[in-house]
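**Q** Predicted model and sequence follow; I will ask about them next.
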Amino acid sequence: MKHFPESEFIINADGSAFHLHLLPEQLRDKVILVGDPGRVDLVASFFDTRDFEVSSREFHTIGGTYKGKPVMCLSHGIGTDNIDIVVNELDALANIDFATRYEKPQFRQLTLVRVGTSGGLQPHVPIGTPVIAEKAIGFDGVLNFYAGRNEICDLDFEKAFCEAVKWNPLWAAPYVVDSDPELVARIGGDDMVRGVTISANGFYGPQGRELRLPLADPELNKKIEAFKYGRYVVTNYEMESSALAGLSKLMGHKAMTVCSIIANRVAHHANPNYKTAVSDLIQTVLERI
């Protein structure tokens, strides 16, 4: 079994994971992930019981039960760099013995569902629509640092996408990864749109928003909107789903992202009063996870 030295896997003095400050005994197999630490309280407001609460930086966790199911909600903050921390430490809580620093002989699989907000890129995903990232395109490059990346990614899709949008070689190489198909079917049902989500490595320039700084490719979003690969088109932008799907697949966990569309980038419309739609989506995910 693999051993993990202190320099590679830091454990706090109280026996908790370094960033999340969670103890192994607090981990639940079903985890709702949200970006905003304040949204954890919204998710937990639907719990039957609240068994523990832990906060550290942007990582806020509440564990309890929902209709008898052990579940917890954890905030990850913004960006795939935070997802790298969250997924690695959740996996460590499940599959590393904190006392001996050895990998556990029995693998424990987690179910991770991120509920977020997003900007739509197609007319068939209007504001208020819940969109599942059936496939995620990572602009961030995080997965490229891990062995086995090519084995879990859709390499043909990546090539077609790069050719269609004339991908700038100065940017991180994009990767395309599928969410867990069983989880997509279970959470999605027939009342959610399934699409291709881009996880951008920034909110402004990387998503085609131009303020005072000009963009390296002002036409990138138009090329993305026009891109088609078989039955797939790019439906929306957000900032976390690619690393969540990719890292979870490499580790053997089930993961997916579903976002409520709060803006349509094509129509230039946005809905700042989106909290009701997000609340309804959270309840749906809790029922189906």
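**A** Right, received. Where do you want to start?

**Q** for the stretch 101-250 of the chain, which spans come out with low pLDDT?
**A** Low-confidence regions of the stretch 101-250 of the chain, defined here as pLDDT under 70, do not occur.

**Q** where do the strands sit along it?
**A** Listed from the start of the chain, the stretch 101-250 of the chain has strands (DSSP state E, counting those that start in this stretch) covering 111-120, 130-138, 175-178, 193-199, 228-229, 232-238.

**Q** how about these, which one is nearest Pro105?
**A** Go through these one by one with Cβ to Cβ and the one that ends up closest to Pro105 is strand 111-120, at 21.4 Å. The way it works is simple: take the backbone N, C-alpha and C, and place the C-beta from them, glycine included.

**Q** And the closest one, how far out from the chain middle?
**A** Between the centre of strand 111-120 and the centre of its host chain there is 6 Å, according to Cα atoms, centre = their mean, to the nearest Å.

**Q** ok, now stretch 218-233?
**A** For stretch 218-233, the distance between its averaged C-alpha position and the chain's averaged C-alpha position is 21 Å (Cα atoms, centre = their mean).

**Q** Could I get the buried residue list for stretch 76-91?
**A** Within stretch 76-91, the residues that qualify as buried are 76-77, 79-80, 82-91, counting by 16 or more other Cβ atoms under 10 Å.

**Q** What of stretch 28-37?
**A** Of all the residues in stretch 28-37, those buried under the rule 16+ other Cβ under 10 Å are 28-37.

**Q** Dump that stretch to CSV, restricted to CA.
**A** This file holds the C-alpha atoms of stretch 28-37, laid out as CSV (Å, rounded to 0.1, in the frame of the first residue of the first chain):
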residue,chain,number,x,y,z
ARG,A,28,-20.4,11.3,4.3
ASP,A,29,-20.6,9.2,1.1
LYS,A,30,-23.0,11.7,-0.5
VAL,A,31,-21.7,15.3,-0.8
ILE,A,32,-23.4,18.3,-2.2
LEU,A,33,-20.8,20.9,-3.4
VAL,A,34,-21.5,24.6,-3.8
GLY,A,35,-19.3,27.6,-4.5
ASP,A,36,-20.6,30.1,-2.0
PRO,A,37,-19.9,29.4,1.7
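
**Q** now, among the buried residues of stretch 28-37, which is nearest to Asn95?
**A** Distances from Asn95 to the buried residues of stretch 28-37, taken as Cβ to Cβ, are shortest for Asp29 (12.2 Å).

**Q** The closest one against Leu93, yeah?
**A** No: under the criterion of Cβ atoms under 8 Å, Asp29 makes no contact with Leu93, lying 11.0 Å away.

**Q** on that earlier part again, widest-spaced pair of the buried residues of stretch 28-37?
**A** Farthest-apart pair in the buried residues of stretch 28-37 is Asp29 and Asp36; separation 23.4 Å (Cβ to Cβ).

**Q** where's Asp191 relative to Ala263, distance?
**A** 21 Å (Cβ to Cβ, to the nearest Å).

**Q** that older thread, need the buried residues of stretch 28-37 in a markdown table (columns: pLDDT and distance to Asp48).
**A** As requested, the buried residues of stretch 28-37 are arranged in a markdown table below (pLDDT from 0 to 100; distance: Cβ to Cβ, whole Å):
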| residue | pLDDT | distance to Asp48 |
| --- | --- | --- |
| Arg28 | 98 | 14 |
| Asp29 | 98 | 17 |
| Lys30 | 98 | 14 |
| Val31 | 98 | 17 |
| Ile32 | 98 | 15 |
| Leu33 | 98 | 20 |
| Val34 | 97 | 19 |
| Gly35 | 96 | 25 |
| Asp36 | 95 | 23 |
| Pro37 | 97 | 22 |
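
**Q** Go through the strands of the stretch 101-250 of the chain and name the closest to Lys222.
**A** Where the strands of the stretch 101-250 of the chain are weighed against each other on Cβ to Cβ, the nearest is strand 232-238, at 11.5 Å.

**Q** Can you tell me the element the residue lying farthest from the centre of the chain falls in?
**A** Of all residues in the chain, Thr100 has its C-alpha farthest from the mean position, at 30.3 Å, by Cα atoms, centre = their mean. Element membership of Thr100, judged by DSSP states H and E, is empty: it is in no helix or strand.
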